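Enquirer: any chance you could fold what I've pasted below:
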Amino acid sequence: MTTAFTATTTIGHPIGAVWERLVDWETVDRWMPGVDAVRAQGPVAPGSTLVFTARGKERLATITALEPGRSITLRSVQAGVTADYTYECVTHDQSTHLDLVADCSMSGPLRLLGPVMKYAIRRADSGQLAAFAATFATTPPE
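Expert: Prediction:
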């Protein structure tokens, strides 16, 4: 896998509130570009599948790694492209530092398009954390 992009933001809320919102699949459409809805097929646990509805099509992601309250990796495999999105929360003073690393690999003929695919992933998803942080301004945690 190679890194398509990394992003980071600091959110002025405790790590628990940030984590709770991060894995609240019902609100993902507010901060993940192009995603209309997400439905979980199981608990927030390794091996569980998430069904993303985006642009009228369903796509699957699997939770491949989890450190509850701290980090989660979602893997999507589609048409020769494997993408791992790892979100990590770290306490930073009274705030939470949130990092996102998007790694991807291509197989078959798509390997030739690797740089183009990484650019497309970066362009589509690099604003996720800014949009996620903005949800706290519009809907603060209880």
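
Enquirer: all helices for this structure, in order.
Expert: Per DSSP state H, the chain carries helices over the ranges 15-22, 114-125, 128-138.

Enquirer: distance from the shortest one to the middle of the chain?
Expert: Put simply, helix 15-22 sits 13 Å off its chain's centre (Cα atoms, centre = their mean, to the nearest Å).

Enquirer: helices and strands of this protein: which one bottoms out on pLDDT?
Expert: Every helix and strand of the chain was ranked by mean pLDDT, DSSP states H and E. The lowest is helix 114-125, at a mean of 77.

Enquirer: now the angle from it to helix 128-138?
Expert: 0 degrees (axes from the mean of the first three to the mean of the last three Cα atoms, to 10 degrees).

Enquirer: and the residue nearest the centre of the chain, what's its pLDDT?
Expert: Residue closest to the mean C-alpha point of the chain, counted by Cα atoms, centre = their mean, is Tyr85 at 5.1 Å. Per-residue confidence (pLDDT) for Tyr85: 95.
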